[in-house]
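*Asks:* Pasting a predicted model and its sequence here:
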Amino acid sequence: MLILHPITPANWQTFKTIRLRALQDTPTAFGSTYAKESQLTDADWQSRAAQWTSPRSIAYLAHDADLPVGIAACFLHEDNPAKAHLISMWVAPTHRQQGAGRLLVTAIIDWARSKNAQTLFLMCTSNNTPARKFYERLGFTRTGRTEPYPNDPALIEHEMAFKL
Ligand SMILES: CC(C)(COP(=O)(O)OP(=O)(O)OC[C@H]1O[C@@H](n2cnc3c(N)ncnc32)[C@H](O)[C@@H]1OP(=O)(O)O)[C@@H](O)C(=O)NCCC(=O)NCCS
């Protein structure tokens, strides 16, 4: 059975493990890179974990029994809290297509609604058809806005949005 745990300073090591696995597994799905984040110190990870527990941000780890298998994070836009942003979405290959992604996004949606956000945004890289299909299945649509993908000039990022 899948269970979600908010990321806090108490589980920073699991956060570090899962985040680094995600960056290695699907390098072009994220704005950051394994090369960059693998250089962070344990103190950096503890500090990052603490930042995910705030009135303006949340992050969850998905566990299958004791095994961490997924992650998702969300923050409110600094200047416009009606906008929420979903980032760092990842489910372990062994646990895909079993509902973990939907469980994580549903928790993020619930949190964003509890903060009175109006729209949940994300960026999806142009080569990531599985993620685009996943988000479309959950009700996200492309807004038409794009950005260059910072780690590969051959790719762009498509903004997708969900009305809360
Ligand atoms: C995208 C990702 C998070 C999906 O997670 P998941 O746990 O497999 O998704 P779920 O099992 O909860 O699927 C939810 C729905 O999306 C659908 N879906 C999931 N992956 C899909 C795919 N590759 N193609 C088509 N539909 C898909 C499921 O069939 C399900 O629909 P249903 O409930 O109507 O049957 C996962 O594939 C992943 O981690 N990918 C690598 C990292 C990544 O790309 N992150 C996104 C960065 S923007």
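*Replies:* Yep, that arrived. Residues are numbered from 1 along each chain as shown.

*Asks:* Please enumerate the strands of the chain.
*Replies:* 2-6, 57-64, 67-76, 83-91, 119-125, 141-148, 156-163 (DSSP state E).

*Asks:* now these as CSV including mean neighbour count, mean pLDDT and distance to A29?
*Replies:* (Glycine included, C-beta is placed from N, CA and C.) As requested, those are arranged in CSV below (neighbours: other CB atoms under 10 Å; pLDDT from 0 to 100; distance: least, CB to CB, whole Å):
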stretch, mean neighbour count, mean pLDDT, distance to A29
strand 2-6, 15, 97, 20
strand 57-64, 21, 98, 16
strand 67-76, 21, 98, 12
strand 83-91, 22, 98, 7
strand 119-125, 20, 98, 6
strand 141-148, 12, 98, 15
strand 156-163, 17, 98, 10
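
*Asks:* In TSV, list the ones you listed along with distance to R113.
*Replies:* Formatted as TSV, these follow (distance: least, CB to CB, whole Å):
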stretch	distance to R113
strand 2-6	16
strand 57-64	12
strand 67-76	11
strand 83-91	9
strand 119-125	9
strand 141-148	18
strand 156-163	11
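
*Asks:* could I get the ones you listed as JSON lines with distance to the ligand?
*Replies:* Below are the strands of the chain laid out as JSON lines (distance: least, CB to the nearest ligand atom, whole Å):
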{"stretch": "strand 2-6", "distance to the ligand": "9"}
{"stretch": "strand 57-64", "distance to the ligand": "8"}
{"stretch": "strand 67-76", "distance to the ligand": "7"}
{"stretch": "strand 83-91", "distance to the ligand": "4"}
{"stretch": "strand 119-125", "distance to the ligand": "5"}
{"stretch": "strand 141-148", "distance to the ligand": "12"}
{"stretch": "strand 156-163", "distance to the ligand": "8"}
